[in-house]
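Participant: sharing a model that was predicted from the sequence below.
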Amino acid sequence: MSTATTAGGGDHGGGSHGVAIAAERRWAIIVVAIIALLVAMMVITGLHWSAMPPSRVETVDVKTLHLKGEFVESNLGTSIENDGKVTVRLVAQQYSFVPQCIVVPAGMPVTFRGTATDAIHGFIVGTTNANTMLVPAFVSTFTTTFPHPGEQLMPCHEYCGTGHEAMWARVQVLPAAEFMARARPGERLSCVPR
Ligand code: CUA
């Protein structure tokens, strides 16, 4: 009687151990599958879209930013380079962007080059995928195309201090012909926010 009970208890113990091992194996398989899926997504996006870390290491001296080089105030805004490419240069500081209103053509590639003077800032242009951080001493750059004319809000999206929520600029996307009519070689375009 007592032997049978002991044997029964032993069987019961072995059964729950088996269940535990099966459950652990099941969860191990699920976790490995999730990790494999994430690694596959990284490999596919990396190879298929040539996705890379967003900032290359291009540095700029914060102390002389306003005095010389690419980011002096007279060089900020939109320009047509000698090779015909459209480049927007901007600087972020607590709590504004320079220029406050950015003009770009619709349907043409636009390269943004920006940096920050004091804290980490960032921006996103409306509902587009134009989106970057601006870090002091580093130049952030990306190229994008705005398909439709119109005006977009460009808020700072990195918390940069007490005035963060009031820090934003506007982007006016003009029809390409109108933009080209306004642009002058060697000049920097910006606009007045409406
Ligand atoms: Cu600048 Cu938040």
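Facilitator: In hand now; what should we look at? Numbering: from 1, shown residues only.

Participant: show me the strands in this structure, by range?
Facilitator: Applying DSSP state E to the chain gives strands spanning 77-80, 86-93, 96-98, 101-105, 109-116, 121-124, 131-134, 140-145, 150-155, 168-174.

Participant: out of those, nearest to residue 46?
Facilitator: For residue 46, the closest of the strands of the chain is strand 140-145, at 17.0 Å, according to C-beta to C-beta. C-betas here are computed from N, CA, C, even on glycine.

Participant: now do that closest one: which elements does it pack against?
Facilitator: In terms of contacts (3 or more C-beta pairs under 8 Å, 6 or more residues apart in numbering; DSSP states H and E), strand 140-145 is packed against strand 109-116, strand 131-134.

Participant: who does the shortest one touch, helix- and strand-wise?
Facilitator: Using 3+ C-beta pairs under 8 Å, 6+ apart as the contact criterion, the neighbours of strand 131-134 among helices and strands are strand 109-116, strand 121-124, strand 140-145.

Participant: near the ligand, which residues of this protein? Just list them.
Facilitator: Residues of the chain found near the ligand (C-beta under 6 Å from any ligand atom) are 92, 95, 121, 156, 158, 159, 160, 164, 167.

Participant: separate out the buried members of the residues you listed.
Facilitator: Among the residues of the chain next to the ligand, those classed as buried by 16 or more other C-beta atoms under 10 Å are 92, 95, 121, 156, 158, 160, 164, 167.

Participant: got a markdown table for the residues you listed, with pLDDT too?
Facilitator: Listed next are those as a markdown table, based on pLDDT from 0 to 100:
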| residue | pLDDT |
| --- | --- |
| 92 | 96 |
| 95 | 93 |
| 121 | 96 |
| 156 | 97 |
| 158 | 95 |
| 160 | 95 |
| 164 | 96 |
| 167 | 96 |
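
Participant: surely residue 176 meets residue 109?
Facilitator: No. The pair residue 176 / residue 109 is not scored as a contact, 11.2 Å apart, by C-beta atoms under 8 Å.
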